[in-house]
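Asks: Sharing a sequence plus its predicted fold:
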Amino acid sequence: MKEQMAYGLRDGMAAISLLDQECRTSRIEVLRGLDGLADGWFSQLPEGAPRDDKVLNLMAFLFGKDRFAGNAEDYYSLDNCFIHRVLEHKRGLPVTLSILAVILAEEAGCDIITMTPD
């Protein structure tokens, strides 16, 4: 079920990007952008890291200095809703950034939606 959800969420966000009237990219290119971000995280993730360490590492990777953040200057911009724009500008709505974190965590086999303390 988790694998299906991650694929569905990832693919769904890519499909939603196509609703952007100014989108000049394909669903496959959006998915490649997500894959590239995941590969960047995986390449610096310590092998065999426990779940809690993966989550902390993911949050630092995504939201550390000069990384992804909420768009305080233009909160209502549609760019904050579309995952391809968030990947491009590194700014988005909190919900879009949260979905990005869930997608990457699921790619690593880490469920952060129902996460409870060990």
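Replies: Yep, it's here. Nothing here was measured: the structure is a model prediction, and the numbers come from that model. Numbers count the residues shown, from 1 in each chain.

Asks: Just the pLDDT for residue 8.
Replies: Note on residue 8: pLDDT of 83.

Asks: show me where this protein has helices.
Replies: For the chain, the helices defined by DSSP state H cover 2-17, 27-44, 51-63, 83-89, 94-107.

Asks: Tell me which of these sits nearest to residue 71.
Replies: helix 83-89 (7.7 Å; C-beta to C-beta). Heads up, the C-betas are built off the backbone N, CA and C, glycines and all.

Asks: hang on, isn't residue 17 packed against residue 83?
Replies: Yes: Residue 17 is within contact range of residue 83, at 5.6 Å (criterion: C-beta atoms under 8 Å).

Asks: what's the overlap in contacts for those two?
Replies: residue 30 (C-beta atoms under 8 Å, 6 or more residues apart in numbering).

Asks: how about low-confidence regions in the protein?
Replies: 1-7, 115-118 (pLDDT under 70).

Asks: circling back: adding distance to residue 113 and mean neighbour count, write the helices of the chain out as TSV.
Replies: Output for the helices of the chain, formatted as TSV (distance: least, C-beta to C-beta, whole Å; neighbours: other C-beta atoms under 10 Å):
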stretch	distance to residue 113	mean neighbour count
helix 2-17	8	16
helix 27-44	17	14
helix 51-63	11	16
helix 83-89	17	20
helix 94-107	6	19
